[in-house]
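In: Just a sequence and a predicted model for now, questions to come.
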Amino acid sequence: MLFLIADENFNNTIYRGLLRIKSNLDIVRVQDVGLFSADDPSVLEWAAKENRILLTHDVATITKYAYERVDAGKYMPGVIEVNRKVPIGTAIEEILFVAETCEQGELAGQILYLPLSK
């Protein structure tokens, strides 16, 4: 199972729903690990050190910084971009599907966009 970190502005209803369904899911929030108001490169650096996949709704900037890490040869464990228009139940189901079916390292250097299908 993957280790996850939810970005500062990630939907807390999704976060709570993930834990309600899978109480042993290894997920933390940026604000709970001392990264409140941290810039995107700092969040990605922490996620890399802790080998956690970043959950975010921030398509505008996270993608840029994630690929900059990859281009610079730095480790980037992965990002899951969740479209804000995805119904909450669908987002929870798809995040859990990815978290439970992917191996650690499998999403390294990649950005996965949810929903998985349209």
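Out: Arrived safely.

In: Which stretches in this protein count as helices?
Out: In the chain, the helices defined using DSSP state H lie at 12-21, 40-50, 62-71, 88-101.

In: In TSV: these, plus distance to Ser117, mean pLDDT and mean neighbour count.
Out: Glycine gets a C-beta too; all of them are placed from N, C-alpha and C. Compiled in TSV, the helices of the chain are given as follows (distance: least, Cβ to Cβ, whole Å; pLDDT from 0 to 100; neighbours: other Cβ atoms under 10 Å):
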stretch	distance to Ser117	mean pLDDT	mean neighbour count
helix 12-21	18	98	15
helix 40-50	26	97	18
helix 62-71	20	96	16
helix 88-101	9	97	17
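
In: can I get these in JSON lines with distance to Leu114?
Out: JSON lines is the format used below for the helices of the chain (distance: least, Cβ to Cβ, whole Å):
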{"stretch": "helix 12-21", "distance to Leu114": "10"}
{"stretch": "helix 40-50", "distance to Leu114": "17"}
{"stretch": "helix 62-71", "distance to Leu114": "14"}
{"stretch": "helix 88-101", "distance to Leu114": "5"}
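
In: Nearest to Glu81, out of these?
Out: helix 62-71 (7.0 Å; Cβ to Cβ).

In: And stretch 18-31, what's buried?
Out: For stretch 18-31, burial by neighbour count (16 or more other Cβ atoms under 10 Å) applies to 18, 22, 25, 27-30.

In: would a markdown table of these with distance to Glu81 be doable?
Out: Output for these, formatted as a markdown table (distance: Cβ to Cβ, whole Å):
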| residue | distance to Glu81 |
| --- | --- |
| Leu18 | 16 |
| Lys22 | 20 |
| Leu25 | 19 |
| Ile27 | 16 |
| Val28 | 18 |
| Arg29 | 17 |
| Val30 | 15 |
